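*Asks:* this one's sequence-less:
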C-alpha cells in the first residue's frame with residue numbers, strides 16, 4: 001500500500017515540530033500531462049541558492065530505482081551493488097518511501113524513509129529512520145539537504161511516526177535545529193592478539209569454558225535468535241522491533257559474514273542457546289546474551305578473535321552499547337575508544353516530531369517512574385522556555401502538556417533541552433552545573449530526576465545500511 005503524501009502547506013513551528021516550507025517552497029500540484037515528467041500528486045519547489053535555479057522534491061516510484069542506484073554510486077554510498085536490491089525486498093518497503101530532488105532532467109538528491117517500530121522502555125513506538133540522505137557533491141553547499149530533511153520529517157509525521165532517527169557523520173545534523181545526538185553507542189578497537197593474551201588463561205585452549213560452547217549458527221535456529229533479541233528489548237531504548245519476516249530478510253541480506261551462538265550445557269546434558277554475535281569483517285556489529293550470563297559474552301569474544309585472525313585481520317572492533325562490559329575488556333587489553341563521528345556508521349541522532357503525542361504515548365513509563373521514586377500523583381511541573389510557560393501534567397488518566405502562562409515556573413530551560421529531557425538525552429547534573437537548566441525547589445529537582453533519567457539509546461548498525 002502506498003504511503004500517504006504529506007500536505008506541505010502551513011507553518012507547524014512549535015515544540016518538536018518541523019518548520020514546513022511555505023510561499024515559493026510550498027506544494028505545487030502538477031496537472032500538465034504534456035510535461036516531460038509523469039504527473040505527480042504534489043511537489044515542493046525551492047531555490048537551490050538565493051536567486052539561483054529552482055529544484056523540486058517529489059515522491060519516487062518503482063521506475064526510479066535505477067536512477068537512485070546510480071546516484072548512490074556517484075555519491076559513494078557503501079555496498080550499493082550488493083545491498084541495494086535487498087532493501088527493495090524489505091517486508092515494509094514501498095517505493096514511495098523515497099523522496100527525490102530534481103533539477104531539470106537531473107536527479108541531484110535522495111532520501112529513503114524506513115518505517116520502523118522501535119522499543120522505548122518497554123513501549124513500542126512508531127518511528128521513521130532516514131537512510132541514504134545524499135546530494136551530489138556540486139550541490140552540497142545548496143539548500144538541497146535542508147529541504148530534503150524538512151520534507152522527510154513532514155512525510156514521517158503524516159505516516160504517524162512519533163520521532164525520526166538517522167545516522168550521520170561529520171556533524172551534519174548538528175547544524176540542523178531540533179536534532180538530538182543520542183548517548184549510548186560506543187566503538188572500541190584493540191589488537192586481536194592483545195585481547196587473546198588478556199583473556200586466554202595459561203595452558204588452556206579450545207572454545208569450551210565453564211560449560212559454554214561457541215559454534216556457528218544454523219538458519220533453522222532463527223527462532224532462538226529472535227527470543228534472545230526480544231529479551232534484550234525489555235528495558236532498552238532505540239532497538240528495532242523485529243518480526244519474523246523482518247528477521248528472515250535481515251539474515252538473507254548477508255550484511256554479516258557469520259553468526260555465532262553460545263550454548264550452555266546443564267548437568268543433565270541439555271544445551272540451551274544463551275547468546276549470539278554477528279560479525280562483519282573485523283567488526284562485531286551485534287552481540288547479545290541473556291541477563292546473568294556475562295561469561296557468555298567473553299566466550300563469544302574469544303571465538304570472534306580467533307576467527308578474525310584466520311581472516312587475516314590484526315584488530316577487532318566492537319559496535320555495541322556504551323555500557324557493554326566488553327568495551328572495558330578491549331580497553332584493558334590495550335585498546336581505545338573511537339569517537340562516533342570518526343566511525344563509518346556515524347553517530348545516531350533523533351528528532352521528536354510531536355511532543356504532545358510523545359508525552360501521552362509514554363504515560364505508562366512516566367507513571368512507573370513516579371511509583372518507583374515514591375512520588376505523589378497527580379503532579380504538575382511548569383517549564384519556562386524562552387518566555388513560554390508549558391505545564392507537564394501527570395495524572396491517573398495519563399500525561400499531557402498544556403499552556404500555563406499564568407503559573408509560576410518550576411524549571412527554566414531552553415526549548416531544545418526540554419526535548420532532550422523527554423528522550424533521556426540530557427545529563428541533568430551537567431545542565432544544572434552549567435546553568436543551562438535551573439530549578440526553583442528541591443522537590444522539583446527530585447521529580448525531574450525521577451521522570452527524566454539519563455537514558456542509553458542504542459540501535460544495531462545492521463538495521464540500517466552498515467557503511468563498513
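*Replies:* Cool, the structure landed. No experiment lies behind these values; they were computed from the predicted model shown.
*Asks:* helices along the stretch 151-300 of the chain, start to end?
*Replies:* 192-199, 222-232, 244-252, 294-310 (DSSP state H, counting those that start in this stretch).
*Asks:* give me the contacts around the last one.
*Replies:* Looking back up the chat, that one is helix 294-310. With CB atoms under 8 Å, 6 or more residues apart in numbering as the test, helix 294-310 has contacts from 192-193, 195-196, 199-200, 207, 209-210, 212, 214, 258, 260, 262, 264, 274-277, 279, 282, 284, 287, 289-290, 315-316, 324-326, 329. To be clear about C-beta, it is placed using only N, CA and C from the backbone, and glycine gets the same treatment.
*Asks:* tell me which of the helices of the stretch 151-300 of the chain sits nearest to residue 111.
*Replies:* Each of those has some distance to residue 111 by CB to CB; the shortest is helix 244-252, at 21.0 Å.
*Asks:* in the closest one, which of the residues would be classed as buried?
*Replies:* 246-247, 249-251 (16 or more other CB atoms under 10 Å).
*Asks:* pretty sure residue 331 belongs to a helix, no?
*Replies:* Yes: the assignment for residue 331 (DSSP: H, G, I helix; E, B strand; the rest coil) places it in a helix.
*Asks:* just to revisit the earlier point, mind checking which of the contacts of helix 294-310 are in strands?
*Replies:* Mapping these onto strands (DSSP state E) picks out 212, 214, 258, 260, 262, 264, 274-277, 279, 284, 287, 289, 315-316.
*Asks:* ok, of those, which come out buried?
*Replies:* Of the ones in strands among the contacts of helix 294-310, these count as buried by 16+ other CB under 10 Å: 212, 214, 260, 262, 264, 274-277, 279, 284, 287, 289, 315-316.
*Asks:* farthest-separated two in those residues?
*Replies:* 264 and 315 (29.3 Å).
*Asks:* neighbours around residue 298, how many?
*Replies:* Using other CB atoms under 10 Å, residue 298 is surrounded by 18 other residues.
*Asks:* sorry, slip of the keys, the one I care about is residue 105.
*Replies:* Residue 105: 7 neighbours (other CB under 10 Å).
*Asks:* need the helices for the stretch 1-150 of the chain, in chain order.
*Replies:* 65-74, 80-88, 144-158.
*Asks:* weakest of those by average pLDDT?
*Replies:* Ranked by mean pLDDT, the helices of the stretch 1-150 of the chain bottom out at helix 80-88, with a mean of 88.
*Asks:* look up how far residue 364 lies from residue 396.
*Replies:* Distance, residue 396 to residue 364, using CB to CB, to the nearest Å: 12 Å.
*Asks:* any chance of the helices of the stretch 1-150 of the chain in JSON lines with mean neighbour count as columns?
*Replies:* Below are the helices of the stretch 1-150 of the chain laid out as JSON lines (neighbours: other CB atoms under 10 Å):
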{"stretch": "helix 65-74", "mean neighbour count": "16"}
{"stretch": "helix 80-88", "mean neighbour count": "14"}
{"stretch": "helix 144-158", "mean neighbour count": "22"}
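*Asks:* same list (these) but as a markdown table, adding distance to residue 406.
*Replies:* Converted to a markdown table, the helices of the stretch 1-150 of the chain look like this (distance: least, CB to CB, whole Å):
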| stretch | distance to residue 406 |
| --- | --- |
| helix 65-74 | 53 |
| helix 80-88 | 52 |
| helix 144-158 | 31 |
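*Asks:* among those, which is nearest residue 419?
*Replies:* Nearest to residue 419, of the helices of the stretch 1-150 of the chain and by CB to CB, is helix 144-158 at 13.7 Å.
*Asks:* about what we covered before: and among the helices of the stretch 151-300 of the chain, the most buried is which?
*Replies:* helix 294-310 (a mean of 20; mean count of other CB atoms under 10 Å).
*Asks:* for that one, what does the pLDDT average out to?
*Replies:* 94.
*Asks:* likewise stretch 193-203?
*Replies:* 84.
*Asks:* per-residue pLDDT, the closest residue to residue 145 other than its chain neighbours?
*Replies:* The spatially closest residue to residue 145, leaving aside those adjacent along the chain, is residue 135, at 5.2 Å (CB to CB, 6 or more residues apart in numbering). Residue 135 carries a pLDDT score of 94 in this model.
*Asks:* circling back: looking at residue 396 and residue 364, which one has more neighbours?
*Replies:* residue 364 (13 against 8).
*Asks:* ok, which stretches of the stretch 51-200 of the chain are strands?
*Replies:* Applying DSSP state E, counting those that start in this stretch to the stretch 51-200 of the chain gives strands spanning 54-59, 98-103, 106-120, 123-135, 163-168, 180-181, 185-191.
*Asks:* ok, now which ones touch residue 102?
*Replies:* 37, 55-56, 58, 108.
*Asks:* what distance do you get for it to residue 76?
*Replies:* Distance from residue 102 to residue 76, by CB to CB: 21 Å.
*Asks:* how about residue 211, nearest residue that isn't a chain neighbour?
*Replies:* Nearest to residue 211 is residue 265, by CB to CB, 6+ apart, at 4.8 Å.
*Asks:* does the one you found touch residue 274 like I think?
*Replies:* No: between residue 265 and residue 274 there is no contact under CB atoms under 8 Å: 10.6 Å.
*Asks:* which residues of the protein score low on pLDDT?
*Replies:* Where the chain drops to pLDDT under 70, the residues are 1-42, 170-172, 174, 202-210, 267, 269-270, 340-345, 466-468.
*Asks:* point to the residue nearest the middle of it.
*Replies:* residue 165 (4.7 Å; CA atoms, centre = their mean).
*Asks:* which residues touch that residue?
*Replies:* 118, 127-130, 238, 348-351, 459.
*Asks:* okay, those in CSV with distance to residue 87 next?
*Replies:* Shown next, in CSV, are the contacts of residue 165 (distance: CB to CB, whole Å):
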residue, distance to residue 87
118, 18
127, 17
128, 15
129, 12
130, 13
238, 20
348, 19
349, 21
350, 21
351, 22
459, 17
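*Asks:* picking that back up, out of the contacts of residue 102, which are buried?
*Replies:* Of these, these count as buried by 16+ other CB under 10 Å: 55-56, 58, 108.
*Asks:* make CSV out of those and add distance to residue 295.
*Replies:* As requested, the buried ones among the contacts of residue 102 are arranged in CSV below (distance: CB to CB, whole Å):
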residue, distance to residue 295
55, 56
56, 58
58, 54
108, 53
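*Asks:* and which of those is nearest residue 82?
*Replies:* When the buried ones among the contacts of residue 102 are compared for distance to residue 82 (CB to CB), residue 108 wins out at 24.7 Å.
*Asks:* my guess is the closest one meets residue 137, correct?
*Replies:* No: using CB under 8 Å, residue 108 is not in contact with residue 137; the gap is 10.1 Å.
*Asks:* can I see the domain layout of the protein?
*Replies:* According to automatic domain parsing, the chain comprises the domains 23-164, 185-349, 354-451.
*Asks:* which stretch among these comes nearest residue 177?
*Replies:* Per CB to CB, nearest to residue 177 of those: domain 354-451, 7.7 Å.
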